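Enquirer: sequence first, then the predicted structure:
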Amino acid sequence: MRLGGRLAAAIEILDDIDRRHRPAADVLKDWGLSHRFAGAGDRAAIGNIVYDALRRKRSAGWLLDSDAGRALAFGALLLEWDQSAEALNATLEGDRFGPSPLDAGELAVLAQRDLRTAPDAVRADCPDWCAALLERSYGEDWVAEGAGLATRPPLDIRVNTLRADRDKVLAELAGTGAERTRLAHQGLRIPPIDGSGRHPNVQAEPAFQKGWFEIQDEGSQVAAELAGAKPGMQVLDYCAGAGGKTLALSALMDNQGQIFAHDSEKQRLAPIFDRLRRSENRNVQVAAKPSELAPLEGRMDIVLVDAPCTGSGTWRRRPDAKWRLAQKQLDVRKGEQRAILDAASAYVKPGGLLVYVTCSVFDEENGDQISAFAERSPSFKPVDHAARWDELFPGHADAARVTSLGLSLSPAKSGTDGFFFSAMRRAG
Ligand SMILES: C[S@@+](CC[C@H](N)C(=O)[O-])C[C@H]1O[C@@H](n2cnc3c(N)ncnc32)[C@H](O)[C@@H]1O
């Protein structure tokens, strides 16, 4: 397929996502199944146009003064693919599989628009109702932070130190562009790919099958490191899900001590068994049932709450979620976070740590939850987060926002997904 055909497909897919409110990944998959002639390269390029358009939806729409799939897809190419309107029109001229070139009306609107003069929420590429939330979290930096959440993400890897080391995995991934991460001590990063390219399928590598590494955003790796799990400790991962952080904690503990992996939804835990086998994590016990948690009350050195949240910190990777998010969902998550903090705190031993993590960038899910919890439970006091950051990541004071309640990471500030981390010590 040439660019015209790929662009036409992206427009069709964007219109379908909008009309039926379906997740982008599902619509792309269905499109691939019903267009078998499209090769892997075509599907990757179409996916890139669709995801770029969803990340930059406000900017792309504003440039052409329309929310239609056509405007978003053309806008994506203009903003993210280094294309000019003239070059695009020349490419589309006479391509019967492509959309019609930009017409005189569209070209006139485009000629008048300069993104630097666009409204703030457009430049931040966020829904209007989220602008106030971002502004509360980031103050005068909120537009730049919103824009950071609308960029293409890298592919991050965590080396499993139980089976390999960074040099060994780097050698194995030679040719992929992988390099050491700036912050995470066992991380590797394959930078974002330009234009129609795509990241290599690293999960097909024998090294992945041998458990040498996992795919995990650097921010998630940093959060796991900050939790401070050490060999011999007793740790409860209260919202373990598929086990991303469980595996990281287990490696940090060098398989010594015990991690209990719990989640209220049994099916969410299902992938953890395979992952544990592949990675040779031997100090993890899956505790799916609430009754299995009872004996742990007041006995854990660390209880990690990787809380359910809006996921606003991961908008780079799931930009369609940005447009589906509604106030109601945020309110539900806040209620869950509050209840989980209260329930999970019971398992922390005197002198132990309650660690709260989200992949949200909204204060309402982060610092607000911590200050409200500390008020409800005065025996828990936030640790010195500045000292904790400096001890683990010396020389990187500029890579996190630190307050007395916790610290946060973001694409613009840290080069990672958006994460919030807070640790509270229970009085001894
Ligand atoms: C952010 S995800 C966890 C991701 C996981 N820790 C990782 O690193 O891959 C949040 C998890 O919290 C779980 N959850 C939601 N409500 C819960 C509750 N009341 N108790 C325990 N887990 C809960 C969800 O099922 C979901 O798997």
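Expert: Arrived safely.

Enquirer: got the phi/psi numbers for the residue most central in space within the chain?
Expert: Computing the C-alpha centroid of the chain and ranking residues by Cα atoms, centre = their mean puts T314 first, at 2.9 Å. Main-chain dihedrals, T314, degrees, to the nearest 10: phi -110, psi 20.

Enquirer: in terms of pLDDT, where does it sit?
Expert: Per-residue confidence for T314 comes out at a pLDDT of 98.

Enquirer: farthest residue from the center of the chain?
Expert: Distance from the C-alpha centroid of the chain, by Cα atoms, centre = their mean, peaks at G94 (40.5 Å).

Enquirer: tell me where the model's unsure across the protein.
Expert: Judged by pLDDT under 70, the chain has no weakly predicted residues.

Enquirer: show me what from it comes close to the ligand.
Expert: 238-245, 263-265, 268, 306, 308, 336, 340 (Cβ under 6 Å from any ligand atom). C-betas here are computed from N, CA, C, even on glycine.

Enquirer: again, 5 Å this time
Expert: With the criterion set to Cβ under 5 Å from any ligand atom, the chain comes near the ligand through C239, G241, A242, G244, K245, D263, S264, E265, R268, D306, P308, I340.

Enquirer: which of those residues lies closest to D67?
Expert: P308 (30.1 Å; Cβ to Cβ).

Enquirer: distance of the residue farthest from the centre of the chain from the ligand?
Expert: 49 Å (Cβ to the nearest ligand atom, to the nearest Å).

Enquirer: over to G39?
Expert: G39 is 32 Å from the ligand, where distance means Cβ to the nearest ligand atom.

Enquirer: ditto for L188
Expert: Counting by Cβ to the nearest ligand atom, the gap from L188 to the ligand is 18 Å.

Enquirer: for the remainder of this discussion, apply numbering that starts at 47.
Expert: Sure, I'll start numbering at 47, so the last one becomes L234.

Enquirer: show me what the strand or helix carrying that residue is packed up against.
Expert: Per DSSP states H and E: L234 is located in strand 233-236. Packing partners of strand 233-236 (3 or more Cβ pairs under 8 Å, 6 or more residues apart in numbering; DSSP states H and E): strand 201-205, helix 212-218, strand 225-226, helix 264-273.

Enquirer: buried subset of the residues of the chain next to the ligand, written for ChimeraX?
Expert: Remark: buried members of the residues of the chain next to the ligand, expressed as a ChimeraX selection using 16 or more other Cβ atoms under 10 Å:
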select :285,287,288,290,291,309,352,354,386
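
Enquirer: partner strands of the strand holding L234 and their direction?
Expert: With DSSP bridges as the test, strand 233-236 is paired with strand 201-205 (antiparallel), strand 225-226 (antiparallel).

Enquirer: what inclination does the longest one have with respect to helix 264-273?
Expert: Think strand 201-205. Strand 201-205 and helix 264-273 are oriented at 30 degrees to each other (axes from the mean of the first three to the mean of the last three Cα atoms, to 10 degrees).

Enquirer: restrict strand 201-205 to CA atoms and write it as CSV.
Expert: The C-alpha coordinates for strand 201-205 follow below in CSV (Å, rounded to 0.1, in the frame of the first residue of the first chain):
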residue,chain,number,x,y,z
LEU,A,201,9.7,0.9,24.4
ASP,A,202,11.2,0.2,27.8
ILE,A,203,12.6,-3.1,29.1
ARG,A,204,13.5,-4.2,32.6
VAL,A,205,16.4,-6.6,32.8
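
Enquirer: outside of that strand, which residues touch it?
Expert: Contacting residues not belonging to strand 201-205 are listed as 211-212, 214-215, 219, 224, 227, 230, 232-236, 245, 248, 258-264, 267, 293-294, 297, 462 [Cβ atoms under 8 Å, 6 or more residues apart in numbering].
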